[in-house]
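Asker: quick one, fold the following:
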Amino acid sequence: MSDDDNKRKAAELAAQKAAEAAKSTTFDHDSDHDDPDAEVIYRKLDPSSPYFLGSNDHSGNMICTVKLNGENYERWARSMRLSLRGKRKWGFVDGSIRKPVNPIYLVDWDAVQSTLVQWIMNSIEENQKNSIPYFEEAKPLWDLLQRRFTVSNGQRQQELKYELAQCKQTATMSVASYFGKLEKLWDEIDNYNPVPACICGMSEEFQKKKDEAKFHDFLFGINQERYGNLRSQLLAQDPLPTLDWAFKAMNQEEQLQKRNAVVKSDAVDVMTFAVQGTNKELGMRKPHVMGNMVFRSGGEIDPRILMYRVCILSGLYLV
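Answerer: Numbers count the residues shown, from 1 in each chain. Next comes the predicted model:
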């Protein structure tokens, strides 16, 4: 075999090895492979990639506990944003991750978009789904829901301030339940008035003022009959305690009142049992009462019951 034949065979073998290596190559979405004629290759993605879908990321999952019913858009949108950010998928919804030009990445893009559309639709009440057109990508679907269900800022802020002023703790409402109602209103209000990001220290001062306003909101609506004394004590402190401290104090007072009520109830039960036993022991008919004197039917004072107080209405002997 001539040298030319050997060289030709060596070149063919090298070309074959190069082709096999190219077929097994995996590309990252952040790399610079932008050949529009490249063959679509199914690749194993890194879990840190936003395109990665784990074994638990089924399209039928409910990733948000709040379902959009047409009247709770702000709360629903906030919950969905948190869930999607936790899965590194929010960039596909807000548009910060753009559709790739390279066909190599289109398979992963389509897979993520289909899953996101399903996740969003799964979090919408059935009576609202009928009015939503078909979408293949998440961003136009999200934009439609935002346009359709967002209430104007001014109107919604007025509604929230009114609801906050009317939020009161009822006689049967626990401190935790009352505080939870306030927190939902505060969270939505904070969406319209976020703390400015700066390094000059003004953001800390702004947050401090907001926390102080929440402290007064909490005490303003607290049940005055049950917690009025503690409320006055907290307001008299200088400087004012934090909101968390006020909640802790009110919660402890609630638990103390519950324990005292149980002890009092037990004491009444014991007293009732003792009185019933005393009446049975004496074996007497309902005595005749005149002032603080207790007489038998014959008119004489019963010496055995001088040590007891008698209920004027029931005639029972009280220990």
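Asker: switch to C-alpha atoms for all contacts and neighbour counts from now on
Answerer: Fine.
Asker: got the residue ranges for the strands in the stretch 151-300 of the chain?
Answerer: For the stretch 151-300 of the chain, applying DSSP state E, counting those that start in this stretch gives strands covering 288-290, 293-295.
Asker: buried stuff in stretch 125-141?
Answerer: Across stretch 125-141, burial judged by 16 or more other C-alpha atoms under 10 Å covers E137, A138, K139, L141.
Asker: got the end-to-end distance for it?
Answerer: One end of stretch 125-141 to the other measures 15 Å (C-alpha to C-alpha, to the nearest Å).
Asker: can you tell me what sits against that stretch?
Answerer: 67-70, 92-95, 113-114, 116-117, 120-121 (C-alpha atoms under 8 Å, 6 or more residues apart in numbering).
Asker: farthest pair within those?
Answerer: Farthest apart among the contacts of stretch 125-141 by C-alpha to C-alpha are N69 and G95. That separation is 24.9 Å.
Asker: between those two, which is the more surrounded one?
Answerer: Shown here are N69 and G95; by other C-alpha atoms under 10 Å, N69 has more neighbours (16 against 12).
Asker: the more buried one and S123 touch, don't they?
Answerer: No. Contact criterion C-alpha atoms under 8 Å: N69 and S123 do not qualify, at 9.3 Å.
Asker: follow-up on the earlier one: now, of the contacts of stretch 125-141, which are buried?
Answerer: Using 16+ other C-alpha under 10 Å as the burial test, these include K67, L68, N69, F92, V93, Q113, S114, L116, V117, I120, M121 as buried.
Asker: adding pLDDT and secondary structure, write these out as JSON lines.
Answerer: As requested, the buried ones among the contacts of stretch 125-141 are exported to JSON lines (pLDDT from 0 to 100; DSSP: H, G, I helix; E, B strand; the rest coil):
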{"residue": "K67", "pLDDT": "92", "secondary structure": "coil"}
{"residue": "L68", "pLDDT": "92", "secondary structure": "strand"}
{"residue": "N69", "pLDDT": "90", "secondary structure": "coil"}
{"residue": "F92", "pLDDT": "94", "secondary structure": "helix"}
{"residue": "V93", "pLDDT": "94", "secondary structure": "helix"}
{"residue": "Q113", "pLDDT": "94", "secondary structure": "helix"}
{"residue": "S114", "pLDDT": "94", "secondary structure": "helix"}
{"residue": "L116", "pLDDT": "95", "secondary structure": "helix"}
{"residue": "V117", "pLDDT": "95", "secondary structure": "helix"}
{"residue": "I120", "pLDDT": "95", "secondary structure": "helix"}
{"residue": "M121", "pLDDT": "94", "secondary structure": "helix"}
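Asker: let me know the closest of the residues you listed to P196.
Answerer: Among the buried ones among the contacts of stretch 125-141, and counting by C-alpha to C-alpha, the member closest to P196 is V93, at 24.1 Å.
Asker: residue contacts, the closest one?
Answerer: So V93 contacts A138, K139, W142 (C-alpha under 8 Å, 6+ apart).
Asker: so which of those residues sit within helices?
Answerer: A138, K139, W142 (DSSP state H).
Asker: not counting sequence-adjacent ones, nearest residue to the last one?
Answerer: Spelled out, it's W142. Once flanking residues are discounted, W142 sits nearest to V93: 6.9 Å by C-alpha to C-alpha, 6 or more residues apart in numbering.
Asker: any idea how far W119 is from the one you found?
Answerer: 12 Å.
Asker: got it, and K139?
Answerer: 13 Å.
Asker: over to A138?
Answerer: Using C-alpha to C-alpha, one obtains 9 Å as the distance from A138 to W119.
Asker: one more: N69?
Answerer: Distance from N69 to W119, by C-alpha to C-alpha: 15 Å.
Asker: got it, and K129?
Answerer: With distances taken as C-alpha to C-alpha, K129 is found 13 Å from W119.
Asker: same check, this time on E71
Answerer: 19 Å.
Asker: repeat for S177
Answerer: 30 Å.
Asker: where are the low-confidence patches of the stretch 201-319 of the chain?
Answerer: 264-319 (pLDDT under 70).
Asker: let's see it at 80
Answerer: Along the stretch 201-319 of the chain, the model assigns pLDDT under 80 to residues 201-203, 261-319.
Asker: other SSEs contacting the one helix or strand R75 maps to?
Answerer: Taking DSSP states H and E as the definition, R75 sits inside helix 73-86. The contact analysis (3 or more C-alpha pairs under 8 Å, 6 or more residues apart in numbering; DSSP states H and E) places helix 73-86 against no helix or strand.
Asker: G54 should be in a strand, yeah?
Answerer: No. Secondary structure of G54 (DSSP: H, G, I helix; E, B strand; the rest coil): coil, not part of a strand.
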